[in-house]
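Student: Predicted coordinates and the sequence they were generated for:
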Amino acid sequence: MLLTVILVYLVVSPVWGGIYVPCSSNCTCWYDDNHFIAVNCSARGFYSIPQDMPETAISLDLSYNLISTWRTASIAKLVHLSDIDLSNNVIIEIISDEKLKFISDQHTDTRPSPRASHDLSLKTLLLNDNQIASLENETFAEFSSLEQLDLSRNRLNILPPGVFRGLYSLESLNLQQNNLDLRSETYPTTVFADLKRLERLNIQGNYKPDTRLSQWMPTLTSFVHLNNTDIRAIVNRAYPDKALSSLVSLSVLQMDALHYDILPGPGFRYLTNLTVLDFSKSMALTGLPELFFSNFSFQKPLQLILSRCGLNFIHPDSFAYLPTLHSLSLRDNVYIDFSGFEIASRGFLKTNIKKLDISRLHGASMLTLQGKSFQNLRDLSLEELIMDYNHIMFINASVMGYMPRTLRKLSVGRNRLNDIDFLSGLLRLTHLEVFNISVQNKYYWAESKTSPGNRQNRSKPINISKYKRFPLRMLNRRHHTRSVLSQLKNREQRQEISKEFLQKLQGKFCPVDDASHSKISTLRTPTRMFNVSQAMVDAFHTGKHDLEAWDLQRFILHARPIPLPMNLKELYFSETKLGVAIPEAQFQSRNVLKKLDLSGNYLWCLGGPVTGLHFLEYLDLSGNHAILLSPYFFTDMSSLKKLLLSTNVIGSSLEADIEGRTFSQLSGLEFLDLSQCAISTLHPHAFISNRNLRVLLINHNALDFFQPDLSQLRNLSYLDLSHNDLRELSTSVSASLDLIASVNPAITIDLSENPLVCDCSAFPFLNWILSTKVNLKNLEVYRCKYVNGSFLLVSDVVGKLMPSLYSRCHDQDMFTVVLVAFFVLTMALTAAAIYSHFHSRLLFLIYISKKRYFQSFFDIEQSGIRDAFLLFDDESRVWRSFVARVARISPMFGASVAQGLVSPP
């Protein structure tokens, strides 16, 4: 509790403006408003409490030191001290301040005597894990405000009558794992007399069974009558009911139980406010006789914990004396088995039991659960039944017929179920809200040591090959399972999986009807394999039906749409070794399922669409090694808020979704986990419709470029891109993150373990890191490849090397511009030189082409038209003289010819 108080101070420190400062003999203090409020002196090697503690301290941690003697006067000046932790020292003696003791050691009045004016206001005192062997009367008398006292794991062997005198405000007392044996002299009658406000008492772990008695326990298999005198001659023990009778406010009692022939005494009748009675780990309690609880008188709903005891038998009327029994745990009592449970359950009819835990009630390797074991539960108002860890391989269909209709939670997880016929009976449980069948046939190595025969039963999948709820491709056959596993199990060691490889697997194991996926509008109610009317569905939901068990199984396992208990909200079906491909499925529309866990199975192909789950908010498909995810799988799950898809091979499916349809219908999605999905690229519109997305995990993938548009994700608070192949973030993504940070300052992004670069190409990204308001998680460990080839911390580059990098990049840009300009100028001059040198030839070629064109219209030989190709310079003096002479030769045509030479047509 003290640590909790210190953590609270640390959490609220930003509000208070506090800071850490050194103080008091190398201790660390939390300073706030000119006061020391928390002092941490843990593990400093102190042999005594330092005398220079700040007087304003509220919390003091002195755990894990070498203090052997504690004088209560050492903290007398700490008048504001509320919590002190002296645990895990070597304290063997507590010396109380004589000035603050009561007037007389014989005082037994519950009224407080006059005290010194400087009473301490201590609320919490932790003295656990020390070596305290004895305490004196009124050791804690000066701490009248104390509310929590922990003396657990010490060496106490007796409690003086006045050891707790004066603790009028004490609410919690922990004395577990000492040497306080259950004897009358250990707990004097008046030892708890002043603890009128005590609500929690823990005295477990103090009873050490006699070795002769412990040898009997493994052989007790039925009610063995032993004479009380004989038993007491062996153990000489008794329940401290007289001492406990003073605790009128006690609500939680944790204590050891004695042999079944030693009954709790009449003092327990005064514990009328008790709500929790914990006898767990009492291996000496080998049975519950009829009168075991006869001296208890409870007025409030009772939680009775009998887990991990040595129970061999329970009398049919043992629980009949507990009319207020609300919750019962018989967990880890493997000697009872379900046959003994059937006998014990006969007394439940006289109780108000609502919750029953019978996990690990069966220790054999295989078990077929029969209905007769639960025949006494039918008329109960039981709401929760837990049957985990019982090695159940088969559950008879009649078992569900004996389950009370009031059941709200049913769990058969961590068993060895190899058949699911019993699931057909769930429909009659109209109030069922939670059903757990997770973790089946899981093999634990420790089991091979105790039961070698278990090896033959390990890793068997649930057999559903004979059921066809919808067109499933069953992959739980041995050769199919091995084939897929051999190709996908080592996926983590293979960095890349080729598209051709995945296409080959998809074609072999994923029978998807492309026609049904061409348009969303093609979604339709599948053709039923059996004619099941709505009236029949209503009859099963209301329990008003006359069909036999076989007909019920036929209905639930073959009917489409798939029916669910009408009030079922949570379904846990993880790690059941279920191997199927899901091309299409439809659930009965009246279901209210909100949480579905299918993780850790072998759902190879998520084709879908899966329709009818209109209220589903949580879906876990992680760890299925799926090789296909159809963009239409989540089409009819508009209420989904949390989606887990990690540890699948759906990267190629997301890459093929060029329209970004996969998550487009999940407008209410808040949490999306795509980690370890072999994703190399994502479409820009992959998350454009998920405006309510708050957490997006894409870590441990193969992204080398991140391009999704995040500008619409204004509620995004955490983006994990760690462990990818990113060199940088694009300017568009950076701008989107800054836009989100402007409305959501708490946004955080993780880019650790990416091969970032710190060269000129990434200069805009580095500049963004320097100026952004986005919180960069683990920025101090980001590493990048610098321009010189070395690997540096990004924080060092951004903080120290940005000017030099800018200069280097600027010089490089200038060099590039000059080099390009030089090449352009050189090319221009080269072209001009070529033209100047070859322009006459070019003009001649043009002339020849024109001449040939005109020859197609005129016969030049017959027309008498002659021409000549002349190449001249207009500015030449010779040319001008020639033109003048032509004009003078013929007075009639010379001028026109000369004009034509100067200005050719």
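Tutor: It's in. Numbers count the residues shown, from 1 in each chain.
Student: list the contacts for Ile437?
Tutor: If a contact means C-beta atoms under 8 Å, 6 or more residues apart in numbering, then Ile437 has Ser411, Val412, Gly413, Leu417, Ile420, Tyr572, Phe573, Thr576 as its contacts. Using the backbone N, CA and C atoms, a C-beta is placed for each residue, glycine as well.
Student: Nearest residue to Ala133 in space, please, no chain neighbours.
Tutor: The shortest distance from Ala133 to any residue other than its chain neighbours is 4.3 Å, reached at Arg155 (C-beta to C-beta, 6 or more residues apart in numbering).
Student: give me the number of residues near that neighbour?
Tutor: Counted with other C-beta atoms under 10 Å, residues neighbouring Arg155 total 12.
Student: what's the answer for Asn418, then?
Tutor: 17.
Student: do the one 10 residues further on as well
Tutor: By the measure other C-beta under 10 Å, the count of residues near Arg428 is 19.
Student: What values do phi and psi take at it?
Tutor: With angles defined as degrees, to the nearest 10, Arg428 shows backbone torsions of phi -80, psi -20.
Student: Use 21 as the first number for this chain going forward.
Tutor: With the count now opening at 21, the last piece we talked about shows up as Arg448.
Student: Please name the nearest non-neighbouring residue to Arg398.
Tutor: Tyr422 (5.0 Å).
Student: List the contacts of the residue lying closest to Ile363 once chain neighbours are set aside.
Tutor: If you skip the residues right next to it in sequence, Ile363 has Pro336 as its closest partner in space, 5.5 Å away by C-beta to C-beta, 6+ apart. The contact partners of Pro336, taken as C-beta under 8 Å, 6+ apart, are Glu310, Ile363, Ala364, Arg366, Gly367.
Student: JSON lines please, covering these and showing neighbour count.
Tutor: Written out in JSON lines, the entries for the contacts of Pro336 read as follows (neighbours: other C-beta atoms under 10 Å):
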{"residue": "Glu310", "neighbour count": "15"}
{"residue": "Ile363", "neighbour count": "16"}
{"residue": "Ala364", "neighbour count": "23"}
{"residue": "Arg366", "neighbour count": "17"}
{"residue": "Gly367", "neighbour count": "23"}
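Student: of all the residues you listed, which comes closest to Phe607?
Tutor: Set against Phe607, the nearest of these by C-beta to C-beta is Ala364 (38.6 Å).
Student: how about the one helix or strand the closest one maps to: buried residues?
Tutor: Here Ala364 is covered by helix 357-364, with elements defined by DSSP states H and E. Residues of helix 357-364 classed as buried under the neighbour-count rule (16 or more other C-beta atoms under 10 Å) are Asp357, Phe358, Gly360, Phe361, Glu362, Ile363, Ala364.
Student: Same check on stretch 601-615?
Tutor: Taking 16+ other C-beta under 10 Å as the basis for neighbour counts, the residues of stretch 601-615 that come out buried are Ala601, Ile602, Pro603, Glu604, Ala605, Gln606, Phe607, Gln608, Asn611, Leu613, Lys614, Lys615.
Student: do stretch 719-733 as well
Tutor: For stretch 719-733, by 16+ other C-beta under 10 Å, it's Asn719, His720, Asn721, Ala722, Leu723, Phe726, Gln727, Pro728, Asp729, Leu730, Gln732, Leu733.
Student: centre of the chain versus that stretch, how much separation?
Tutor: Using C-alpha atoms, centre = their mean, to the nearest Å, the mean C-alpha position of stretch 719-733 is found 22 Å from that of the whole chain.
Student: Then stretch 790-800?
Tutor: A distance of 25 Å separates the C-alpha centroid of stretch 790-800 from that of its chain, computed with C-alpha atoms, centre = their mean.
Student: what's the span of that stretch, first residue to last?
Tutor: Between the opening and closing residues of stretch 790-800 we find a distance of 13 Å, counting by C-alpha to C-alpha, to the nearest Å.
Student: Residues in contact with that stretch: which ones?
Tutor: With C-beta under 8 Å, 6+ apart as the test, stretch 790-800 has contacts from 742, 754, 757-758, 760-762, 765-772, 789, 802, 813-815, 818, 822.
Student: what pLDDT does the spatially most central residue of the chain get?
Tutor: In the chain, the C-alpha closest to the average C-alpha coordinate belongs to Leu664, at a distance of 10.0 Å (C-alpha atoms, centre = their mean). You'll see Leu664 listed with a pLDDT of 98.
Student: go on, Pro581?
Tutor: Reading off the confidence values, Pro581 has pLDDT 83.
Student: Against Pro424, how distant is it?
Tutor: Here the criterion is C-beta to C-beta, to the nearest Å. By it, Pro581 lies 27 Å from Pro424.
Student: Check Ile373 too.
Tutor: Taken as C-beta to C-beta, the span from Ile373 to Pro424 is 10 Å.
Student: more crowded one of these two?
Tutor: Set side by side, Ile373 and Pro424 show more neighbours around Ile373, with 26 against 16, by other C-beta under 10 Å.
Student: Give me the number of neighbouring residues for the closest residue to that one other than its chain neighbours.
Tutor: Counting by C-beta to C-beta, 6+ apart, Ile373 lies nearest to Leu345, which is 5.2 Å off, once chain neighbours are set aside. Leu345 is surrounded by 25 other residues when neighbours are defined as other C-beta under 10 Å.
Student: isn't Leu345 right next to Leu326, touching?
Tutor: No - here Leu345 does not reach Leu326: they are 11.4 Å apart, not a contact under C-beta atoms under 8 Å.
Student: the domain parsing of the chain - what is it?
Tutor: Residue ranges for the structural domains of the chain, counted by automatic domain parsing, are given in the record as 55-122+138-387+401-414+428-477, 481-533+553-722, 872-922.
Student: just checking, Val807 touches Leu825?
Tutor: Yes - with contact taken as C-beta under 8 Å, Val807 and Leu825 are classed as touching, separated by 7.0 Å.
Student: Give me the common contacts of those two.
Tutor: Taking C-beta under 8 Å, 6+ apart as the contact rule, the neighbours common to Val807 and Leu825 are Cys778, Cys780.
Student: So which of those two has more stuff around it?
Tutor: Leu825 (21 against 18).
Student: Go ahead and confirm Leu639 touches Leu663.
Tutor: Yes - Leu639 lies in contact with Leu663 (C-beta under 8 Å); the separation is 5.4 Å.
Student: Am I right that Cys49 sits in a strand?
Tutor: Yes - in this structure, Cys49 lies within a strand as judged by DSSP: H, G, I helix; E, B strand; the rest coil.
Student: what are the bridge partners for it, then?
Tutor: Applying DSSP bridges to Cys49 gives these bridge partners: Val41, Val59.
Student: Correct me if wrong, but Val844 is in a helix.
Tutor: Yes - per three-state DSSP, Val844 lies within a helix segment.
Student: For it, report the pLDDT, please.
Tutor: Value for Val844, per-residue pLDDT: 83.
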